[in-house]
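Undergrad: here is my input, please return the structure:
(one chain, ligands or ions: 2)
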Amino acid sequence: MVYSKGGNNIPPSSKLRAIPLGGLGEFGMNMMAYEYGDDMIVVDCGIMFPDPGMLGVDIVIPDITYLRQNKDRLRAIILTHGHEDHIGALPYVLDEVDAPVYGSPFTLALARPKLAEHGLTEAVELREMHPHQPFEVGPFHVEFIRLTHSIIEAGALALTTPLGTIIHTGDFKFDPTPMDQRVSDLHTLADYGRKGVLALFSDSTNIDRPGVTPSERAVRERLTEIMGGAPGRVLISCFSTSMHRLQIVTDLAAQHGRRLCFIGRSMIQNSDIAREMGRLRVPDELLVAPQDLRKLPPRQVSVVLTGSQGEPLSALARIAVDSHRWIHIEPGDEVAISARVIPGNEKSVFRMIDHLYRRGATVHYSDGSQPPIHVSGHGSAEELKLMLNLIRPKYFIPIHGEYRQLYRHMQAAKELAAVSQEILMLQSGDVLEFDTEGARQVGKVSVGRICIDVGTFDEVEEVILKERRLIAADGIVIPILAINEHTGQLQTPPEIVSRGFIPLNEVPELVESARQVILRTVEKSNSEEISDWGVIKEKIRTALRRHFDKETGKRPMILPVVLEV
Ligand SMILES: [Zn+2]
Ligand SMILES: [Zn+2]
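TA: Ligands and ions are numbered 1, 2, ... in the order given. Presented below is the predicted three-dimensional model:
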């Protein structure tokens with residue numbers, strides 16, 4: 001770790017720069033570099049979920065060329081909260097740059113297993129930060145200010161430099177009744193506003209929604225109806241980091257005489273972490289293991305599970321096509337999807353819901369009905385305006401949103417007249433510079449997206465970077481399947497095309513064995529799995545990857561194509 005300020009030969013600079021490396025004008029990959037003179041800190045380090053069209057890609061991380069080129073100046077990575085779009089890229093980034101990571105205890109607890117999976121436990125220093133306990137990083141005086149969000153222990157950062165203070169909000173809403181009673185610290189925000197803030201960087205996600213976002217507590221009413229009224233089992237799918245939601249479900253399960261089972265790797269891992277930290281209260285006697293579920297009458301079962309986005313191999317998606325080991329849907333069961341559908345996932349989610357109905361379940365999802373089954377973690381227009389009014393900055397930069405959201409946030413700020421100097425519209429890569437004269441955009445750094453394949457959602461597999469250099473090394477294989485949409489049978493033997501892999505015409509036996517792997521995979525799948533292209537493609541991809549790895553030692557990118565005939 002380099003803590004020197006670069007020696008005496010470099011003249012001190014009095015410029016402050018903000019460089020969004022991701023998250024502005026796009027959904028996800030939140031990452032912002034702030035520099036004062038020669039020192040740099042990075043706020044958040046997130047991923048983006050790919051849309052289903054990006055075959056063979058599980059997550060997308062920001063291109064960190066700029067960080068790599070400036071790694072000697074990086075003093076710290078500071079996390080606002082533990083959502084994937086803020087911490088998911090940590091292991092990939094820390095593989096290349098070296099810096100201590102600051103976060104709240106819960107945020108760091110979510111980051112720790114990610115680093116461990118990448119063998120970075122020893123290499124990375126995690127430092128806890130707490131509200132009202134400011135600390136120094138190089139020339140930055142940093143204070144963590146508690147805000148409410150759909151995840152616990154979220155907050156804004158006040159970054160004070162000789163040029164002034166920056167408030168970076170992270171994701172927030174002003175929830176007056178959070179499940180853990182820890183409300184947003186409006187006083188500290190107002191104090192900074194009173195003292196004078198140079199620039200506000202604020203969450204723009206829900207600027208489109210008028211009014212105020214309901215409290216996390218609002219879903220309790222709907223979940224009470226379901227827990228109390230369902231004649232069979234109750235399955236609730238939500239994000240595994242939503243501790244408010246998990247606490248509500250836990251409390252309701254106990255009240256309605258249902259045992260509770262957590263299913264799905266991230267659900268089990270995160271609920272364990274939160275229980276150990278005392279941030280999720282679940283009595284031991286309430287819990288039941290998945291293999292014991294069938295011993296209980298359906299009326300006494302509740303399950304919290306992963307799969308709210310219809311991810312092909314997630315617990316709920318498997319249950320929907322009746323390929324889960326422990327749970328088989330029966331009439332009378334009720335399924336609640338207590339999450340928003342991330343744009344791009346609608347098709348997979350609605351297909352999953354169709355399967356669940358077909359098996360006899362009643363499905364509750366976010367369809368606008370009241371009381372709500374899900375509430376957003378992001379503040380609506382009035383809350384975003386309240387933030388602007390509390391801070392009343394000289395400069396305002398809308399962040400965390402696609403271009404139209406940033407634009408509308410800018411318009412809202414103009415109407416409020418809460419910004420004394422200027423509102424600046426930035427996009428990822430733009431360099432914004434402040435000095436005693438003012439603020440201006442001074443150029444661009446290279447940004448972009450890097451696609452990564454981490455195997456399946458529920459299994460831990462060796463992490464494979466699918467960047468160009470790896471495609472260059474191992475190539476691409478495209479198996480093509482013609483499936484009869486009525487019978488679910490293969491119409492013709494699968495074809496296999498490759499580029500940059502072993503020339504397949506020279507190894508007919510490899511082509512034939514790969515065909516057999518595909519045929520066996522299709523044979524072993526039931527007709528619903530086959531008709532669900534996401535599932536069958538994922539299964540073929542996994543099976544072929546193992547096969548090629550074993551036979552050739554190569555790991556080409558595998559992109560199955562299904563033709564419906
Ligand atoms: Zn968030
Ligand atoms: Zn976010």
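Undergrad: state the mean pLDDT of stretch 438-454.
TA: Over the span of stretch 438-454, the pLDDT mean works out to 87.
Undergrad: ok, now stretch 69-81?
TA: 97.
Undergrad: buried set for that stretch?
TA: Neighbour counts over stretch 69-81 (16 or more other C-beta atoms under 10 Å) mark 70, 73-81 as buried. (C-beta placed from N, C-alpha, C; glycine too.)
Undergrad: tell me which element residue 76 is part of?
TA: Using DSSP states H and E, residue 76 sits within strand 74-78.
Undergrad: got the confidence number for the residue of the stretch 401-550 of the chain found nearest ligand 1?
TA: Residue nearest to ligand 1 within the stretch 401-550 of the chain: residue 401 (12.4 Å; C-beta to the ion). With respect to pLDDT, residue 401 scores 95.
Undergrad: residue of the stretch 301-450 of the chain closest to ligand 1, please.
TA: Closest point on the stretch 301-450 of the chain to ligand 1, by C-beta to the ion, is residue 377, at 5.8 Å.
Undergrad: how about the secondary structure of that residue?
TA: coil (DSSP: H, G, I helix; E, B strand; the rest coil).
Undergrad: distance of it from residue 443?
TA: Distance from residue 377 to residue 443, counting by C-beta to C-beta, to the nearest Å: 34 Å.
Undergrad: these two: which is more packed in?
TA: Ranked by neighbour count (other C-beta atoms under 10 Å), residue 377 and residue 443 place residue 377 first, with 25 against 10.
Undergrad: which elements pack onto the biggest helix by length in the chain?
TA: Ranked by residue count under DSSP state H, the longest helix found in the chain is helix 533-552. Under the contact criterion of 3 or more C-beta pairs under 8 Å, 6 or more residues apart in numbering; DSSP states H and E, helix 533-552 touches strand 476-483, helix 508-523, helix 527-531, strand 557-558, strand 561-564.
Undergrad: and those as CSV, adding distance to residue 236, mean pLDDT and mean neighbour count?
TA: Compiled in CSV, the helices and strands packed on helix 533-552 are given as follows (distance: least, C-beta to C-beta, whole Å; pLDDT from 0 to 100; neighbours: other C-beta atoms under 10 Å):
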stretch, distance to residue 236, mean pLDDT, mean neighbour count
strand 476-483, 33, 85, 20
helix 508-523, 31, 89, 15
helix 527-531, 22, 80, 19
strand 557-558, 34, 84, 24
strand 561-564, 32, 80, 14
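Undergrad: up against ligand 1, what does the stretch 51-200 of the chain have?
TA: Neighbours of ligand 1 within the stretch 51-200 of the chain, by C-beta under 5 Å from the ion: 83, 171.
Undergrad: okay, strands next: where are they in the stretch 51-200 of the chain?
TA: Using DSSP state E, counting those that start in this stretch, the strands of the stretch 51-200 of the chain run over 59-62, 74-78, 101-103, 126-128, 135-137, 140-147, 154-161, 164-168, 199-203.
Undergrad: tell me which of these sits most buried.
TA: Of all the strands of the stretch 51-200 of the chain, strand 199-203 has the most neighbours on average by mean count of other C-beta atoms under 10 Å, namely a mean of 28.
Undergrad: in its sheet, what does that strand sit against?
TA: Here strand 199-203 is paired, per DSSP bridges, with strand 164-168 (parallel), strand 395-399 (parallel).
Undergrad: for ligand 2, find the nearest of the ones you listed.
TA: Once the strands paired with strand 199-203 are compared by C-beta to the ion, strand 395-399 is nearest, at 9.8 Å.
Undergrad: the helices in the stretch 301-450 of the chain, which residues?
TA: All helices of the stretch 301-450 of the chain, identified by DSSP state H, counting those that start in this stretch, fall at 315-320, 346-358, 381-391, 403-416.
Undergrad: tell me the pLDDT of the residue nearest the centre of the chain.
TA: With distances taken as C-alpha atoms, centre = their mean, the residue of the chain nearest its centroid is residue 84 (2.9 Å). For residue 84, the model assigns a pLDDT of 94.
Undergrad: and if you look at residue 6?
TA: Here, the pLDDT recorded for residue 6 equals 39.
Undergrad: cool, and residue 207?
TA: With respect to pLDDT, residue 207 has a value of 98.
Undergrad: that one: neighbour count?
TA: Neighbour tally, residue 207, other C-beta under 10 Å: 27.
Undergrad: hmm, residue 489 is touching residue 483, no?
TA: Yes. Taking contacts as C-beta atoms under 8 Å, residue 489 lies within contact range of residue 483: 7.2 Å.
Undergrad: ok, residues contacting the longest helix of the chain?
TA: Applying C-beta atoms under 8 Å, 6 or more residues apart in numbering, the external contacts of helix 533-552 come out as 52, 55-56, 310, 312-313, 317, 321, 348, 351, 455-456, 477, 479, 481, 483, 502, 510, 513-514, 517-518, 520-522, 525, 529-530, 554-556, 558-560, 562.
Undergrad: can you rerun that using 7 Å?
TA: The contact list for helix 533-552 (C-beta atoms under 7 Å, 6 or more residues apart in numbering) reads 52, 56, 312-313, 321, 348, 456, 477, 479, 502, 510, 513-514, 517-518, 521, 525, 529-530, 554-556, 558, 560, 562.
Undergrad: buried residues in that helix?
TA: Within helix 533-552, the residues that qualify as buried by neighbour count (16+ other C-beta under 10 Å) are 533-545, 547-548.
Undergrad: for residue 129, find the nearest of the helices of the stretch 301-450 of the chain.
TA: Among these, helix 381-391 comes nearest to residue 129, with 20.4 Å by C-beta to C-beta.
Undergrad: quick one: that closest one to strand 199-203, angle?
TA: Inter-element angle recorded for helix 381-391 and strand 199-203: 160 degrees (by axes from the mean of the first three to the mean of the last three C-alpha atoms, to 10 degrees).
Undergrad: so which other helices or strands are in contact with helix 381-391?
TA: In terms of contacts (3 or more C-beta pairs under 7 Å, 6 or more residues apart in numbering; DSSP states H and E), helix 381-391 is packed against helix 186-195, strand 199-203, helix 403-416.
Undergrad: show me what contacts residue 243?
TA: Applying C-beta under 7 Å, 6+ apart to residue 243 gives the contacts 151-152, 274, 279-280.
Undergrad: between those, which has the most around it?
TA: The member of these that has the most neighbours, counting by other C-beta under 10 Å, is residue 152 with 27 neighbours.
Undergrad: that one and residue 180, how far apart?
TA: According to C-beta to C-beta, residue 152 and residue 180 sit 6 Å apart.
Undergrad: again with residue 389
TA: Residue 389 sits 26 Å away from residue 180, going by C-beta to C-beta.
Undergrad: worst-scoring helix or strand of this structure, pLDDT-wise?
TA: Here the helix or strand of the chain ranked lowest by mean pLDDT, DSSP states H and E is strand 464-465, holding a mean of 42.
Undergrad: before we move on, back to that, I figured the residue of the stretch 301-450 of the chain closest to ligand 1 hits residue 148, correct?
TA: No. Residue 377 lies out of contact with residue 148 (C-beta atoms under 7 Å); the separation is 8.4 Å.
Undergrad: overlap in contacts, the two.
TA: residue 173.
Undergrad: quick one: which of the helices and strands packed on helix 381-391 is nearest ligand 2?
TA: That would be, of those and by C-beta to the ion, strand 199-203, which comes in at 7.4 Å.
Undergrad: can I get the CA coordinates of that closest one in PDB?
TA: C-alpha atoms of strand 199-203 as PDB (Å, rounded to 0.1, in the frame of the first residue of the first chain):
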ATOM      1  CA  ALA A 199     -21.500  19.800  -4.800                       C
ATOM      2  CA  LEU A 200     -24.300  17.300  -4.400                       C
ATOM      3  CA  PHE A 201     -24.300  14.000  -6.300                       C
ATOM      4  CA  SER A 202     -27.700  12.500  -5.800                       C
ATOM      5  CA  ASP A 203     -29.600   9.300  -6.700                       C
END
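Undergrad: for the stretch 151-300 of the chain, which residue gets nearest to ligand 2?
TA: Residue nearest to ligand 2 within the stretch 151-300 of the chain: residue 171 (4.2 Å; C-beta to the ion).
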